[in-house]
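K.L.:
Curious how this folds, go ahead:
(chains A and B)
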Amino acid sequence: MKRTGKENKKELYAGKGVRASAAILLLALMAAGCSKQTEQPVESSKEVSIPIILTVDSSTGIRNEEKLINTFNRLYDGKWQADVEWIMETEEEYRQNLKRQNVTDTLPAVITDLRMLPSFYQMVIQDGRIEELSKYIEEDEEWKDMIEPSVLESYKEDDGSIYLGPISTAAFACSGIFWNEELFSQAGIEKFPETWEEFWDCCERLESAGITPLALHTEGTAWAPMLIATAEAASTQEGRDFMQQFYPESYQNASGLRIAETLQKLFQYTTEDAMYTDFDISYENFFSGQAAMIPNGYWMMDQIPEEWQDKVRFAAFPENKLISSPETFGWAIVSDYSEEVKEGAAALLKLRTKLNMEQREELFTGTSEEMIPAQADYIEVYKHNPELVPNYQVKWNSILQEETLGEILPDLASGKITPEEFTKKEDESIQQFLEEQ
Amino acid sequence: MKHYKKGSGIQRRYLKYTAALLGAALLLSSVGVAFSVRSTLTRSIVDKYEFMTERMGITLENMFRKSDETTAECILYDDVQQSLRKSGLEEVNKNALSKYFAYIDLDHVADYCYVDNKGNVYSRSYSNVSYDDVKKSGFQKYLEGDYSRTKWFWAKDSLFGTDNYALFIGRYVRSLDYAHEPGMMFFKMEEGFLNEITGISPELEEEASVGIIDEAGQLCLSAAPDDFGEKENVPDYIIERLAEVQGEGMVLEGEKIKGGVLSVYHDTDSGLSVFSFVPNRILNQGLIPVFVVLGTIYLVVIAVAVILSIYFSRRFTRPIQTIKEAMTEFDGQNFDKTIELHTNTELDEIGRSYNKMLGNINRLLDEIKEQERELRTTELNMLISQINPHFLYNTLDTIYMLARINKEETTMRMIQALSKYLRLSLSKGNDIVTVEDELENVKSYMEIQQIRNQDLFSYEIDCQVDAANTHVLKLILQPLVENAVKYGFQDIFSGGRIVIRIRREEGALCLSVSNNGTPIEQSMMEKINEMNHLPVTELKNCFPDKKRGYGVVNILTRLRLKYGCGAAFYCQAEQNGTTCTIKIPEEAREKSNEKNGERK
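P.N.:
A predicted model of the protein is given here:
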């Protein structure tokens, strides 16, 4: 805009006036002896916080998945921050808390163990509580390529949607039996039994040597005894088929009965405190030398106390069977959070897949000298084409797992009810579950 | 009075400038202080209300958190969860659950209602709320949008049938395990519930309008002091301003709006905003006492400054006045009126200098009078002398002739010498003569003395300058020779020797008369030499008895008057005798000669 001289002159005078006023004001302020510091606006951090709750192992004090969290926070420093609340809870307590957090709308952005609660898992999908992840995985070739096809397939629902961030490989998702080599030697047993007959014989020999063969429990989903019983049931074709069923219609059949009988038999070889206790008691019994065997998955390698690492070995269940359902390791993203948080959570899940892949590569290309004996055993077992039996936790209804088993297993173990009655009560849970559904 | 008026000019100016300076300083500082104090105090007062508003906001948040925890407990309560299951609750448990809600950890619950997913309603036994009532109330819409978050909403009570507006706390109740339809629970809160929020800052309630408003702009609670006018009691434009505010926490921190200052704390969880509105009247109430105090301080400062200015101006101008009076009143006669000042300032020095000046003037006047008197005498003598020389010379010629007739050789020589001496002393009337004439004169004198004192002394003249063309003040050697004969040879009768030397030395003409007689006394020598450092006016006072030293005083006075301070006369006692030297700087001598119209 063109300006006239007059305007400029006016401006000049105005400038003088302003300067004079400013000078007077400055003098006035000086005379008043006042000074006010200008508050500098603090630039707020744009780092997005991703709330997560993870557990601390009550026995070892080890923070589960700490390496993942540290790596993530280092890699995405300034952009995302995994804000972890570390809690000392059993897995069962953690899972029950998930339900409480859901109904009170206080779920963290990333939740784990969801697949261990089948009905709850279905419910959160139905209520739109967790994020459908195929949009992240399918569009990210790099992520997708990290996942073994069979693993990815196990994560897909019938309609192809994926609600859980998958791990890379099933290699670390298998459960077998950890056994105490020292106690076995004391009983004159040099190697882990390869058949179920040998297994029962092994139990007899251990007991004869004054050693409690098994560390078991009845609470939670009766994880330890159920692993052995379902692996044993899969030794027949009928049993294998039964274990493949999702929400079996009845347990009053040969396989159901066989599982019940096996469970009853197993509790003859366990500790006295196995009733009405959870897995943590079994863990304590095994790592205190009070029991010679405990079934569990690869993830327990990190929980083996250092002084026990040379004594503890790993073996497949008899007849070269491992219990495996890689989808139980999936982590979910809660839908309530903002897109920024969910994007960060997806990046965390992808990193988890990547670290899992790197771990497999590292472990399977390493030498057994770098591993503890149990790890070397695990690799050896996994390399010998074990038969993978699905995890009952992802197949059976939640009422049976979370309520019924805990109630009827002690009765079965103590002989108060027969295996037939046991299966009947299992079927009642199916009815109850169907009603609730 | 006249003098005071004349003398008060400096004071008036001093006061005028001091008043101007003081006025400017006070004006600027008062503007600055007023500006600063007002802004600081206003900020401080606003901060107080802002802080109290924030406290209310935090209380609101805490109360919401408390309600959230309490309703969460309700959701997780076994019977509540059981009520959501297919089997539902047995009748006895239903009754128990209805009562359960009456004992939850939440104060100010006016009424409650829980409806499970099968249409069973759990409420107070007298409430008589049916499932239809719940549906018709439309309260479910407040819960929608979130899975099971605690909701606070301000609504007309269409659920419990009172139709009055109240705060309700509602929440979906979902099953822990199964995807059942959710239940709903509603708590109607008493007015005291929200009063707990505003009641956290009772002092605020006494000075400001406080209130709570929901996101729809509904005023849930408001309170104002009794003395507040209608315009101060939450005007409509405040509601409109509140509706525009976004964010959480302290969203308005003492914002100036029409009529006052507004502070707002917004809690996103409850959706409520707590606000305080402080009218300008209240803000100014806090400022007035401060400004009164400030004003008083300034008045005191001004009064003290004026008094001190007058006092100091008087203190400084009074001595000046005294000096001025002394000067103006000095009539040239009275030299006794001196000034006595004790101000410890430069004025004391001025007073002392004035007194000294007065003394000098007095002395100079005396000297001038004396000189005038002497001058007149001299002039008289001169006139007399000028009248008689012919008579004197003729008389001397007659005496000379008589002596010649009588063959009185000595008399003849003496008359010749005297005649020559007198001719030089009296002739020409000029005080500057050539060295040659001066030597001739002193030689005549010495011859007379030699005749008078047979064999007493001999003399020698060593003139190293051009005597015919070098001019000096006349009759300056004769007194020295006279002193040599009179004092130097006072103890001898023969063998005396006088040496007269004239030479140039270090830019000065030096004329010295040495004798080999009795050396000059040390005290006398020092006294004579000291005279060179005295003012001309004081030289005559050096020998008050006038019996001795007349010649020296005469020589030195004449030299100083003629050639200035550079001219000197000093004596030096030696082992055998005394040397007296006259030093005349060449430059002064030449200037003097030029003044006398003589060529070098």
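K.L.:
give me the number of residues near residue A:208?
P.N.:
As a burial measure, residue A:208 scores 10 neighbours (other Cβ atoms under 10 Å in any protein chain shown). To be clear about C-beta, it is placed using only N, CA and C from the backbone, and glycine gets the same treatment.
K.L.:
tell me the contacts of the nearest residue to it once chain neighbours are set aside?
P.N.:
In space, residue A:208 comes closest to residue A:187 once its chain neighbours are excluded; the distance is 7.2 Å by Cβ to Cβ, 6 or more residues apart in numbering or on different chains. By Cβ atoms under 8 Å, 6 or more residues apart in numbering or on different chains, the contact set of residue A:187 is A:202, A:205, A:206, A:208, A:209, A:211, A:292.
K.L.:
Confirm that residue A:206 sits in a strand.
P.N.:
No - if the criterion is DSSP: H, G, I helix; E, B strand; the rest coil, then residue A:206 is helix and not within a strand.
K.L.:
quick one on the thing from earlier: so what's the backbone phi/psi at the residue nearest to residue A:208?
P.N.:
Per-residue torsions, residue A:187: phi -90, psi 0 (degrees, to the nearest 10).
K.L.:
how far out from the middle of the chain is the helix or strand encompassing residue B:320?
P.N.:
Residue B:320 belongs to helix B:280-329 when assigned by DSSP states H and E. Computed by Cα atoms, centre = their mean, to the nearest Å, the chain-centroid distance of helix B:280-329 equals 18 Å.
K.L.:
Can you identify the element that follows that helix toward the C-terminus?
P.N.:
Sequence order places helix B:346-387 as the next helix or strand after helix B:280-329, per DSSP H and E.
K.L.:
tell me the angle of that following helix relative to helix B:280-329?
P.N.:
Here the directions of helix B:346-387 and helix B:280-329 differ by 20 degrees (axes from the mean of the first three to the mean of the last three Cα atoms, to 10 degrees).
K.L.:
quick one: buried residues of the helix or strand that comes right after helix B:346-387?
P.N.:
Where DSSP H and E defines the elements, the next helix or strand beyond helix B:346-387 is helix B:389-405. Across helix B:389-405, burial judged by 16 or more other Cβ atoms under 10 Å in any protein chain shown covers B:396, B:399, B:400, B:403.
K.L.:
Stretch B:251-265 too?
P.N.:
B:251, B:252, B:253, B:254, B:259, B:260, B:261, B:262, B:263, B:264, B:265.
K.L.:
Let's have those in a markdown table, adding secondary structure.
P.N.:
Formatted as a markdown table, those follow (three-state DSSP):
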| residue | secondary structure |
| --- | --- |
| B:251 | strand |
| B:252 | strand |
| B:253 | strand |
| B:254 | strand |
| B:259 | coil |
| B:260 | strand |
| B:261 | strand |
| B:262 | strand |
| B:263 | strand |
| B:264 | strand |
| B:265 | strand |
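K.L.:
tell me, how many neighbours does whichever residue of the stretch 201-350 of chain A sits closest to chain B end up with?
P.N.:
Here the stretch 201-350 of chain A gets closest to chain B at one residue, residue A:336, 6.9 Å apart by Cβ to the nearest Cβ. Residues within reach of residue A:336, counting by other Cβ under 10 Å, total 18.
K.L.:
That one is in what secondary structure piece?
P.N.:
Following DSSP H and E, one finds residue A:336 outside all helices and strands.
K.L.:
Surely it and residue B:145 touch.
P.N.:
No - between residue A:336 and residue B:145 there is no contact under Cβ atoms under 8 Å: 11.1 Å.
K.L.:
Show me the domain layout of chain A.
P.N.:
What automatic domain parsing lists as the domains of chain A is A:48-171+A:328-365, A:174-324+A:373-436.
K.L.:
Quick one: end-to-end distance for the first one.
P.N.:
When the termini of domain A:48-171+A:328-365 are compared using Cα to Cα, to the nearest Å, they are 37 Å apart.
K.L.:
Same check on stretch B:212-223?
P.N.:
Using Cα to Cα, the two ends of stretch B:212-223 sit 9 Å apart.
K.L.:
who's in contact with it?
P.N.:
Here stretch B:212-223 makes contact (Cβ under 8 Å, 6+ apart) with B:60, B:153-154, B:165, B:167, B:191, B:194-195, B:197-198, B:205, B:209-211, B:233-234, B:239-240, B:242-243, B:271-275.
K.L.:
Residue of chain B nearest chain A, please.
P.N.:
Proximity of chain B to chain A (Cβ to the nearest Cβ) peaks at residue B:32, 2.8 Å away.
K.L.:
Please tell me how far that residue sits from residue B:26.
P.N.:
Per Cβ to Cβ, to the nearest Å, residue B:32 is found 11 Å from residue B:26.
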